[in-house]
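K.L.:
return atomic coordinates for the entry below.
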Amino acid sequence: MVSNRCKMVVKEILKERGLHFTPVELGEVEIMENISEDERILLKEELLKSGLELMDDKRAMLIEKIKNVIIEMIHHSEEVIKVNFSDFLSKKLDYNYTYLSNLFSEVQGITIEQYIIVHKIERIKELMIYDELSITEITWKMNYSSVAHLSNQFKKVTGLSPSHFKQLKGKRRRPIEEIGTISNKKEK
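P.N.:
Now for the predicted structure:
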């Protein structure tokens with residue numbers, strides 16, 4: 001629930017149900033009232049109609065927090081990414097990175113590093129489509145050590161070189177929600 005649209009939908013559903021809540025941030029909302037099991041089921045059904053999910057499982061919630069932190073940092077931050085993701089995640093979520101990494105891999109079937117890479121590549125596609133930055137500027141913005149490193153990783157994930165991708169008319173991108181759901185599939 002990182003997108004503004006998702007946050008708006010959740011806020012609207014909660015307001016319609018007459019529930020009071022804390023601000024919706026990074027996939028979390030805290031309902032101030034105690035709700036019955038019947039109310040919880042109705043809320044869950046209402047959220048599902050909008051393509052959202054009510055999560056009770058602590059592990060699943062932590063996985064969502066990991067995803068949301070990564071998405072927020074890569075897709076919604078205008079700052080240059082100059083941090084070590086493992087340190088950033090550990091600090092932001094207040095968990096040992098090894099624990100986060102093992103949990104994420106076990107549940108998602110993909111490592112946090114792979115998840116970050118596919119999101120970075122999707123962001124690079126977006127920046128290339130906007131055509132406001134050169135590949136060198138994108139390399140710097142996305143914290144790659146060199147254009148060659150970015151190009152190699154881009155080709156490994158997409159099957160295309162950045163220059164070939166730029167020449168494509170269709171310039172396919174995937175919705176954020178679908179990124180990292182199928183590991184290591186090459187785009188055609």
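
K.L.:
by contact count, what packs against whatever helix or strand residue 136 lives in?
P.N.:
In the assignment (DSSP states H and E), residue 136 maps to helix 135-141. Applying 3 or more Cβ pairs under 8 Å, 6 or more residues apart in numbering; DSSP states H and E, one finds that helix 135-141 contacts helix 112-130, helix 147-158. Every C-beta, even on glycine, is put in place using the N, C-alpha and C of the backbone.

K.L.:
now the first one: buried residues?
P.N.:
Neighbour-count burial for helix 112-130, with 16 or more other Cβ atoms under 10 Å as criterion, is recorded at 112, 114-125, 127-128.

K.L.:
repeat that for stretch 143-156.
P.N.:
Counting neighbours by 16+ other Cβ under 10 Å, one finds that the buried residues in stretch 143-156 are 144, 150-151, 153-155.

K.L.:
next one: the strand or helix carrying residue 102 to chain centre, how far?
P.N.:
Assigning secondary structure by DSSP H and E places residue 102 in helix 97-108. Put simply, helix 97-108 sits 16 Å off its chain's centre (Cα atoms, centre = their mean, to the nearest Å).

K.L.:
CA atoms only for it, dumped as PDB, please.
P.N.:
Written as PDB, here are the backbone C-alpha positions of helix 97-108 (Å, rounded to 0.1, in the frame of the first residue of the first chain):
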ATOM      1  CA  TYR A  97      19.300  -7.800   8.300                       C
ATOM      2  CA  THR A  98      20.100 -11.500   8.300                       C
ATOM      3  CA  TYR A  99      16.700 -12.200   9.900                       C
ATOM      4  CA  LEU A 100      14.900 -10.000   7.300                       C
ATOM      5  CA  SER A 101      16.800 -11.500   4.400                       C
ATOM      6  CA  ASN A 102      16.100 -15.100   5.500                       C
ATOM      7  CA  LEU A 103      12.500 -14.400   6.100                       C
ATOM      8  CA  PHE A 104      12.000 -12.600   2.800                       C
ATOM      9  CA  SER A 105      13.700 -15.400   0.800                       C
ATOM     10  CA  GLU A 106      11.800 -18.100   2.600                       C
ATOM     11  CA  VAL A 107       8.400 -16.500   2.000                       C
ATOM     12  CA  GLN A 108       9.000 -14.800  -1.400                       C
END
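
K.L.:
the inter-axis angle of that helix versus helix 112-130?
P.N.:
80 degrees (axes from the mean of the first three to the mean of the last three Cα atoms, to 10 degrees).

K.L.:
which residues does the helix or strand hosting residue 15 contact?
P.N.:
In the assignment (DSSP H and E), residue 15 maps to helix 4-16. For helix 4-16, contacts defined as Cβ atoms under 8 Å, 6 or more residues apart in numbering pick out 1, 21, 24, 29, 31, 43, 46-47, 50, 52.
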